[in-house]
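> Structure, please.
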Amino acid sequence: MTTKTKTRWIVDPTHSEIGFKVKHMMFTNVSGKFEKFEASVESDNDDFEDAIFTFKGETKSINTGNGDRDTHLRSGDFFDAEEFPIIGFESTSFKDSDSDDFIMKGILTIKEIANPITLHAEFMGTAKDPWGNLKAGFSMSGKINRKDWGLNWNSALEAGGVLVGEEIRLLIDLQFIKE
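Numbering: from 1, shown residues only. Now for the predicted structure:
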């Protein structure tokens with residue numbers, strides 16, 4: 001019996017971004033990203049069907065471009081970075097849905113609360129860089145409700161509505177290097 005060896009890919013963090021957007025005051029978006037993270041993929045084949053994607057991000061590294069807001073996001077009102085320094089994700093399926101489009105399902109863990117999520121993924125292809133490294137690119141997006149992970153803080157607005165939206169749009173661009 002022959003056992004097929006999985007191919008492992010590691011993220012190239014200088015060419016990758018784990019980002020998000022959330023409504024602020026009901027009518028504008030605030031963007032943010034994780035500055036420090038790790039990600040990897042294990043696949044049986046070159047089309048990545050059924051590959052396993054993993055991600056770990058440091059909650060202390062969240063960056064929205066505003067120091068006061070970042071400090072608030074790292075506090076107990078949101079990520080509680082001291083108590084829960086890592087958010088994590090592991091895919092449970094990665095299925096081709098249409099040419100280069102995939103549906104990725106997995107478990108996202110924030111503050112030790114694990115919930116299933118679905119991401120839409122586009123496989124951007126593979127190519128060798130000028131140094132001979134084989135790379136693969138993916139662009140992913142999805143939506144989650146932050147309250148599903150206990151990120152409940154908010155403030156009512158005088159004119160109605162709330163300061164921070166519940167829906168978080170995930171915007172992820174990853175470049176992996178074949179090990």
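> List the buried residues for stretch 168-179?
Using 16 or more other CB atoms under 10 Å as the test for burial, stretch 168-179 gives 168, 169, 170, 172, 173, 174, 175, 176. In short, each C-beta sits where N, CA and C put it, glycine included.
> In terms of distance to residue 142, which of the residues you listed ranks first?
residue 170 (4.7 Å; CB to CB).
> Please, which helix or strand holds the closest one?
strand 164-178 (DSSP states H and E).
> from the chain's centre, how far out does that strand sit?
4 Å (CA atoms, centre = their mean, to the nearest Å).
> Rebuild the buried residues of stretch 168-179 as a markdown table, extending it with pLDDT.
Shown next, in a markdown table, are the buried residues of stretch 168-179 (pLDDT from 0 to 100):
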| residue | pLDDT |
| --- | --- |
| 168 | 96 |
| 169 | 97 |
| 170 | 97 |
| 172 | 97 |
| 173 | 97 |
| 174 | 97 |
| 175 | 98 |
| 176 | 98 |
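> Just the closest of those to residue 155, please.
residue 168 (17.1 Å).
> thinking the closest one is in contact with residue 21, fair?
Yes: between residue 168 and residue 21 there is a contact at 7.4 Å, judged by CB atoms under 8 Å.
> Identify the residues contacting residue 72.
Residues near residue 72 by CB atoms under 8 Å, 6 or more residues apart in numbering: residue 78.
> which SS class is residue 123?
strand (DSSP: H, G, I helix; E, B strand; the rest coil).
> And it, how far from residue 20?
22 Å (CB to CB, to the nearest Å).
> With residue 95 instead?
Counting by CB to CB - residue 95 and residue 20 are separated by 24 Å.
> ok, now residue 48?
24 Å.
> Please say which of those two ends up with more neighbours.
residue 48 (24 against 20; other CB atoms under 10 Å).
> centre of the chain versus stretch 155-171, how much separation?
21 Å.
> Let me know how buried the closest residue to residue 23 other than its chain neighbours is, in neighbour terms.
In this structure, residue 23 finds its nearest non-sequential neighbour in residue 165, 3.1 Å apart by CB to CB, 6 or more residues apart in numbering. Neighbours of residue 165 under the rule other CB under 10 Å: 20.
> Ok, residue 94 next?
23.
> Retrieve the pLDDT associated with it.
On pLDDT, residue 94 comes in at 95.
> repeat for residue 1
For residue 1, the model assigns a pLDDT of 56.
> can you give me the strands in the protein?
Along the chain, the stretches classed as strands by DSSP state E are 7-11, 17-24, 28-34, 37-43, 52-58, 62-63, 86-98, 101-110, 113-128, 134-145, 164-178.
> rewinding a little: how about the contacts made by the residue nearest to residue 23?
22, 23, 24, 26.
> For this structure, give me the ranges with low pLDDT.
In the prediction, the chain carries residues with pLDDT under 70 at positions 1-4, 99-100.
> Done for today, thanks.
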